[in-house]
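Colleague: here you go, sequence then predicted model.
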Amino acid sequence: MFAVIYIPDFSLQAALRHEPELATRPVALVDESLPKPAIIQLTQAARATGVCAGLTSTQAMARCREIIIKPHSAIQETAATDTILQCGYLFSPYVETTAPGICTLDLRGQSSAGDEQFGQQIITLLQQFHLKAQIGVAATPSVALHAARRASPFLRVDNPAGFLNELPIESLAPSPELLNILHRWGIHDIGAFLALGKDALAERLGSESLQLFERASTTQARPLKLTNPPQIFEETYEFENEIESLEPLLFILHRFLEQLALRLTVSSFAAEQIFLRLTLSENSKYERAFKIPAPTTDENVLFRVLFTHLEDLRTEHPIKALYLRAQPCRPASEQFGLFDCILRDPNHFYETVGRLIALLGPDCVGIPAVQWTWRPDAFQMQPVDSHFDTPPGFGVRQSSGALSRIKPCRKRQRTGALQDASALFDCPFLGLTLRRFRPPLPAHVEINNQQPSALRSPLFHGRIQRATGPWRSSGQWWDKQRWQRDEWDVQTANGQLFRLFNEHDGWFIEGVYD
């Protein structure tokens, strides 16, 4: 058995797939590639106003002022064809793209396929893509195609000969010259045509009649040209009028993502990256790739990723076309351990990061990375663009930023209370625990005999009993980032231990020892 998926007025349905509300309004599709651009397909509402195929857009608007003219788009037809193939592959592994808007399925090995419930499942699925389909089922591909064109919306043919005999001869798509000859002979249906005999038709009408005879065959099953559904998930839309605001762009984007998410789900994929291209009125293009931290088919998650970026986007020119592509991947399933410390919803986390970047700027949000220098607390913020790259070690992550790094201990000759305190630890290199202030607290220090003698700060105001230091360090004297720093460990009169440092003629309290 074979099943044929037939999309009537395929070019028009492909053009209206992202505007399904126009299906009940007068709409005409114009092919501008013709020498004289003319209407090729139109809705039933347009036919009711007297508009017909072959008219120009001006003639159509003269008959109906409310008619909407849509240009024929090969790109939208390609996307619709891919959608039909991906849906058909869900019901049979043997799929052929017979013609634009026509897909043939080989149902071998499926005992329950071919009934009305089977056809209704395909119709219901395609309705979610705003495609109105007709399904025909028969023993041969050609008969199934004839059945699909006559279906409303499903037709199964169990008596091929009786079914074909009643069809008009136009169903075989003869050339106008041959059709004129057959009508002059009084041949108006396929049954009368077959009654003439194959040999007699070939002798009088030539090879074209043999092709028609094969199309009307009820027993000959031609081999299908099988194809695999392409792993391409993209949508394109050209705005009738250039847009300058965000609302119409988001409206179409949301419908794009509905379609792409459903197509990915049907094909058992998830989106790991989204590529957006905006074509501007000056033919310049704005392109951006959005990395999805956790591949998903949730259209709301994908929409928020785009919305977070677009709400602050400003283009130099109006937008006239939109292109969106989803990069597919197989969804990963992972069972987390009881004590795993990992983000349960990475997409929500990255959405938050994206909003912070939009509010604060890319230089204020990121991951601190330690710089290759001896300068204390030297780090650099690496921008975290939530739409591009997943940070290294995403999931179970060990802190590596400057705010959490352990500063290498230095061998220092300590005296007095500091030396006694460090003796309490097994490792003489670790010493006491320093609780650092971030940022360091400004202080006023009095110097006596080149050593700190008094301290005035929010933490302490009084004499310094003991001071050890200075430990001097400097670096990067060869560029504008040069630095020089003197550090002191001091003990105050009340027994507190502080780390002081002097930098750029200013004193600071770096931390307090426990």
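Modeller: Yep, that arrived.
Colleague: go through the helix or strand hosting residue 309 and flag the buried ones.
Modeller: Residue 309 belongs to helix 299-310 when assigned by DSSP states H and E. Across helix 299-310, burial judged by 16 or more other Cβ atoms under 10 Å covers 299, 301, 302, 303, 304, 305, 306, 307, 308, 309. (Each C-beta comes from the backbone N, C-alpha and C, glycine too.)
Colleague: CSV please, covering those residues and showing distance to residue 444 and pLDDT.
Modeller: Listed next are the buried residues of helix 299-310 as CSV, based on distance: Cβ to Cβ, whole Å; pLDDT from 0 to 100:
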residue, distance to residue 444, pLDDT
299, 60, 90
301, 54, 88
302, 56, 91
303, 56, 91
304, 51, 88
305, 51, 87
306, 53, 90
307, 51, 89
308, 47, 84
309, 48, 85
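Colleague: break the chain into its domains for me.
Modeller: Structural domains assigned to the chain are 2-74+107-158, 236-263+270-329, 416-513, following automatic domain parsing.
Colleague: ok, which of the ones you listed comes nearest residue 349?
Modeller: Nearest to residue 349 among the domains of the chain is domain 236-263+270-329 (7.4 Å), distances taken as Cβ to Cβ.
Colleague: that closest one spans what distance, first to last residue?
Modeller: Taking Cα to Cα, to the nearest Å as the measure, domain 236-263+270-329 stretches 21 Å from start to finish.
Colleague: figure out how far that domain is from the centre of its chain.
Modeller: 8 Å (Cα atoms, centre = their mean, to the nearest Å).
Colleague: assign a three-state SS to residue 65, would you?
Modeller: At residue 65, secondary structure determined by DSSP: H, G, I helix; E, B strand; the rest coil is coil.
Colleague: show me the shaky parts of this protein.
Modeller: Counting by pLDDT under 70, the chain has low-confidence residues at 332-347, 351, 383-431.
Colleague: relative to its centre, which residue of it is most distant?
Modeller: In terms of distance from the mean C-alpha position of the chain, residue 449 ranks first, at 68.7 Å (Cα atoms, centre = their mean).
Colleague: helices and strands around the helix holding residue 309, which ones?
Modeller: For helix 299-310, the contact count by 3 or more Cβ pairs under 8 Å, 6 or more residues apart in numbering; DSSP states H and E identifies helix 246-266, strand 270-280, strand 285-296, helix 346-360 as packing neighbours.
Colleague: and for it, what are the contacting residues?
Modeller: The contact list for helix 299-310, computed with Cβ atoms under 8 Å, 6 or more residues apart in numbering, reads 246, 249-250, 253-254, 257-258, 260-261, 271, 274, 276, 288, 290, 292, 296, 326, 347-348, 350-351, 354-355, 358, 386-387.
Colleague: alpha carbons of it, as CSV, please.
Modeller: The C-alpha coordinates for helix 299-310 follow below in CSV (Å, rounded to 0.1, in the frame of the first residue of the first chain):
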residue,chain,number,x,y,z
GLU,A,299,9.7,27.6,22.3
ASN,A,300,9.3,29.9,25.3
VAL,A,301,12.9,29.3,26.3
LEU,A,302,14.1,30.0,22.8
PHE,A,303,12.0,33.1,22.5
ARG,A,304,13.3,34.6,25.7
VAL,A,305,16.9,34.1,24.4
LEU,A,306,16.1,36.2,21.4
PHE,A,307,14.0,38.7,23.2
THR,A,308,16.7,39.4,25.8
HIS,A,309,19.0,40.4,23.0
LEU,A,310,16.6,42.2,20.7
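Colleague: nearest to residue 222, out of the domains of the chain?
Modeller: Nearest to residue 222, of these and by Cβ to Cβ, is domain 2-74+107-158 at 5.9 Å.
Colleague: distance between that closest one and the chain's centre?
Modeller: Distance of domain 2-74+107-158 from its chain centroid, counting by Cα atoms, centre = their mean, is 28 Å.
Colleague: and the helices in the stretch 301-450 of the chain?
Modeller: Taking DSSP state H, counting those that start in this stretch as the test, the helices found in the stretch 301-450 of the chain are 346-360, 416-422.
Colleague: export the first one to CSV, keeping only CA atoms.
Modeller: Listed next in CSV are the C-alpha coordinates belonging to helix 346-360 (Å, rounded to 0.1, in the frame of the first residue of the first chain):
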residue,chain,number,x,y,z
PRO,A,346,21.0,26.5,32.6
ASN,A,347,18.8,28.3,30.1
HIS,A,348,17.1,30.3,32.9
PHE,A,349,20.5,31.1,34.4
TYR,A,350,21.8,32.3,31.1
GLU,A,351,18.7,34.3,30.5
THR,A,352,19.4,36.1,33.8
VAL,A,353,23.1,36.7,32.7
GLY,A,354,21.9,38.1,29.4
ARG,A,355,19.6,40.6,31.2
LEU,A,356,22.4,41.6,33.5
ILE,A,357,24.6,42.3,30.4
ALA,A,358,21.9,44.3,28.9
LEU,A,359,21.5,46.4,32.0
LEU,A,360,25.1,46.8,33.1
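Colleague: could you check the angle strand 285-296 makes with it?
Modeller: For helix 346-360 against strand 285-296, the angle by axes from the mean of the first three to the mean of the last three Cα atoms, to 10 degrees is 140 degrees.
Colleague: okay, buried residues for stretch 123-136 please.
Modeller: Neighbour counts using 16+ other Cβ under 10 Å place 123, 125, 126, 129, 130, 131, 133, 134, 135, 136 of stretch 123-136 among the buried residues.
Colleague: which of those fall in helices?
Modeller: Judged by DSSP state H, these include 123, 125, 126 as members of helices.
Colleague: was I right to think the last one contacts residue 88?
Modeller: Spelled out, that is residue 126. No: using Cβ atoms under 8 Å, residue 126 is not in contact with residue 88, being 9.4 Å away.
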